[in-house]
Structure formats: structure tokens, C-alpha cells
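K.L.:
what's the 3D shape of this:
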Amino acid sequence: MKRKIGILIATGIIIFSFSKICYADEVSALKAEIQAMEERHQKEITELRSRIKQLETEKQAKIKAPKEVEDRIAALEEKLEKKKDQLGVSWKDGLYISSEDKQFDMSINGKLQVDSAWFGEENSLRSKVGAAKSRDQIRRSRLQAKGTMYGDGIYKFEYEFAGDTGKARVQDAFIGWKNIPYIGMLRLGHMFEPMGRENLTSNSYLTFMEYGLPYALMPGRNLGIQSNSTFFNDALTLALGVFRDTDDYGMGTSNKYNFGTRITATPIYKNKGEEFLHLGFSYSNRKTNGTLQYRSKPESNLAPYFVDTGVFSAKKANLYGLETAYIRGPLSFEAEYAGSSVDRKGNEDVYFQGLYGLASYFFTGETRAYSRSTGEFLRVRPKHNFSLKDKTWGAWEAALRYSYLDLDENNINGGILSDVTFGLNWYLNPNMRMMFNYIFANRNGYGDADILQTRFQVDF
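P.N.:
Residues are numbered from 1 along each chain as shown. Next up, the predicted model:
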């Protein structure tokens, strides 16, 4: 019995001791877990405090950002203001100078045309108009500057230094404004009156060396005011002007006013000008100082005048012009008609007229450039400039023109002249060109003349 009791006691002691050991281990595990949780919580608290600090820093940065942005904007504006006074120089078919803000710009341009001509006349014609001498000349030598001021202000002045007088002569000299509501562009000064297409096309861009015979009836540059408007996305243009006659130096020669207008339309305009039809009408009402004179050379400036009305009495004249051109790729057809109805006080009224028609073709594939907003032809740009190194030959164009001018009417025997002209043009690059013209001229009743002439031209 005692042995059993001893065994039970021993067993109980062992169980108690083991349970105590297990309890101690569990307590230790719990303490370790609590410590781990405290460490995690501490880490999370530290991270939260760090995040709060970061947010506070970002908040402060955001509060300061507008001030920094304002300072940066102010610095950029100051830099931009300084740049307004700086000029950029580049080449755009001439020396081009512009301000950084594009409020001011200027193009400095010039041209040089050197001509040579050889003549053959029948004796009967020579006895009537005089002998034509084969010779050379500087046909034109000009400098010009044009540009804009304060965005919408425009200006242009051009002077001619070639000629027999040895004095510089004013050509274009005007100021004006563009982007005027309902008007478009307004110019004041010395400029071409709005009459005829070829008359208004720069002589640097003509198909032939000289203007066609109807040019004799057209007004030139005079002092006045003119507006130029466009409608229907430049499909229709309208020019209106009032002028006084001036001499070659811009000096007024008449106190009478002349009114002129020109309307053009392009009912066909495709592929950015690869094909188009141009139509135009011009009218000018002109008051004279009591006399008038029309005369013309046979499309060669080195020739004498072949037809001439002489000075005759005239009260006023009404000029009419019709023009058309059709361009399709390298092929072009052009024609113009001009008429002058002259009111003669105490004498019979007279009517003079002229016309021309031409066709041209670019063997190298170029298309004649055209401005819809002005109804004028522009600079030809070869697809490949002339270069011996690259074996490219520029642009080549052949053209044929017939011109006619009738200055005979009633008791005024100015004569009738007709020309057939063949032309060959070699465009070495956009700024250099060589021209070859052969002219067969007939002065009605007096005989024929053969004229061969060439031109080397540089314009920029």
C-alpha cells in the first residue's frame, strides 16, 4: 500500500513539474510574440511619422511652388523682351532680316539684267523708223527693300540705277497696312495702277524679255492710293485705286485724278496650282492735261519705236483690259487684250487696241508659280538647280507669242505692228536665268525686221 502511495506521489510530482515547464515555455513564447508585435508597431509608427513628415514637406513645397513658377515666368518674360530687340538674318530669295517676335521684318532685294541684241531691217522700214543698231545694255539694275512693321504695317521702296539719264529713278515707293476688315490691304505711294496681268507681273518673272505689245496702252507707276481685297478663299480678287500721273522720279505731272480697278477669278484651281484657269478684267478712267501719246518698240528695248501716234489732243481716255491664262503642269496658255477709247475735244474720238497670245512648255516638268491673292505669276523654281558636280541642268522652257498693236484711227496714223516671238529660257536656279528671244516684227506698210536678243539675269 505504501508502495502504491509513493508511486502516485512521484507521478504527481513529475506531472506537476512537466506542466510547470510547459507553462513556462508558453509564457516565454507569448512574451516573444508580444515583443515582436511591439517591434512591428514601433516600425509602423516610425514609418507613419516619416510619411507624415514627408507629406508636410510636400505641402510646404506646394505652397512655395506658385512663387517659384511666378519667378520663372518673370525671368522668361524678361528674356523674351530682350530677344525682341534681337534680329535674325536668313536667305529667302534675298537677304531676310526679322525680329524674334516677327513684328518686324525686311527683305533686301536686287536685280541685274544685261541684254544684247542684233537687228536686220528692210530698207523701207529703216527709212521710216530709223536704223536699229546691234548693241548691248544694262537693261535694269535695281535695289529694293520691303517688309512689315508692327505686324500689319507694310512698306516697299525700289530704285532703278540703269538708264540713259545716269540718275537713280524711283520705282515702287509706298507704305500701307494689311489685314484691314472688309478692305484687306491698303497702300499709299508710288506703285503700278491695277491694270492688266502681264503689266503687274514683275519683269523678273516674264516669259519673254519684254512685255507684249498691248503694254503700250497700259498705265505704269503713278502716285495714289489702292486697296486690294480677296474673297472666297482667294478665288476672287478686287483692286481699286485713285492716282495722279507722275514722271520717272515720282514728281506729279497732272492735277487730274485717274480711277482704276481690276478683278480676277480662278474658277479652276487644282492640286495647289498644278492646274488652274485665271480670268481677269481691268478698267481705267483717265483724265489728261489736253494731250496724249501712244508708242511702242517691237518687244526689244534696244530697237527704235516702230509705231507712234505722236502727241495728239485728248480730253480723257477709257482703258479696258481682258486677260486669261490656263496652266496645266508644264504647259501654259496666256492671252490679253487692251483697248483705249479716247475722247478728243473738237476732233473725232479714236480707239486703239492691242492683244497677245502665248504658249509655253517646261521640258523639265516645272509648273509656272501663281499667286491667287494678287492674280500674278511668281518666281520659277527649278526642280533641280544647275550643277556640273551633280549633273543637273536646271529648268528649260520654250515659248511662242504673237502680239498685235493698232495705233491707226481716223486722222491719227500711228501704225500697226505685229510680232511673232520665239523664246528659250534656261533657269539655272531660282535666282539666275538666261533668255534667248528671236522676234519677227512687221510694221504694216513698211516692211519687216528680224531681231535676236539675249539676257543674263540675276535677281534676289
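K.L.:
Now do the buried residues in stretch 371-381.
P.N.:
372, 374-377, 380 (16 or more other Cβ atoms under 10 Å). For glycine as for every other residue, the C-beta is placed from the backbone atoms N, C-alpha and C.
K.L.:
what about that stretch, distance to the chain center?
P.N.:
8 Å (Cα atoms, centre = their mean, to the nearest Å).
K.L.:
Which ones among the buried residues of stretch 371-381 map onto helices?
P.N.:
In helices, judged by DSSP state H, none of the buried residues of stretch 371-381 are found.
K.L.:
Go through these and flag which are in strands.
P.N.:
By the criterion of DSSP state E, membership of the buried residues of stretch 371-381 in strands covers 376-377.
K.L.:
can I get the buried residues of stretch 371-381 in CSV with pLDDT and distance to Tyr211?
P.N.:
Output for these, formatted as CSV (pLDDT from 0 to 100; distance: Cβ to Cβ, whole Å):
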residue, pLDDT, distance to Tyr211
Arg372, 95, 22
Thr374, 94, 17
Gly375, 94, 16
Glu376, 95, 13
Phe377, 96, 13
Val380, 96, 17
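K.L.:
So which residues of this protein form helices?
P.N.:
2-83, 123-129, 197-200.
K.L.:
Show me what counts as buried in stretch 453-460.
P.N.:
Buried, per 16+ other Cβ under 10 Å, within stretch 453-460: 453-455, 457, 459-460.
K.L.:
which among those residues gets closest to Val170?
P.N.:
Asp459 (18.6 Å; Cβ to Cβ).
K.L.:
Quick check: beta-bridge partners of the closest residue in space to the closest one that isn't next to it in sequence?
P.N.:
Nearest in space to Asp459, with sequence neighbours left out and distances taken as Cβ to Cβ, 6 or more residues apart in numbering, is Lys111 at 3.7 Å. Beta-bridge partners of Lys111, counted by DSSP bridges, are Arg142, Asp459.
K.L.:
Distance of Gly423 relative to Gly130?
P.N.:
26 Å (Cβ to Cβ, to the nearest Å).
K.L.:
For those two, indicate the residue with more neighbours.
P.N.:
Shown here are Gly423 and Gly130; by other Cβ atoms under 10 Å, Gly423 has more neighbours (21 against 13).
K.L.:
Settle this for me: that one is touching Phe436, isn't it.
P.N.:
Yes - using Cβ atoms under 8 Å, Gly423 makes contact with Phe436 at a distance of 6.8 Å.
K.L.:
quick one: low-confidence ranges for this structure?
P.N.:
1-31, 33-34, 36-38, 41, 44-45, 48, 55-56, 58-67, 69, 76-86 (pLDDT under 70).
K.L.:
give me that answer again for 90
P.N.:
1-94, 99-103, 151, 163-168, 182, 247-255, 289, 345-347, 411 (pLDDT under 90).
K.L.:
Show me it divided up by domain.
P.N.:
1-83, 108-459 (automatic domain parsing).
K.L.:
Mind putting the ones you listed into JSON lines with distance to Asp101?
P.N.:
JSON lines is the format used below for those (distance: least, Cβ to Cβ, whole Å):
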{"stretch": "domain 1-83", "distance to Asp101": "8"}
{"stretch": "domain 108-459", "distance to Asp101": "9"}
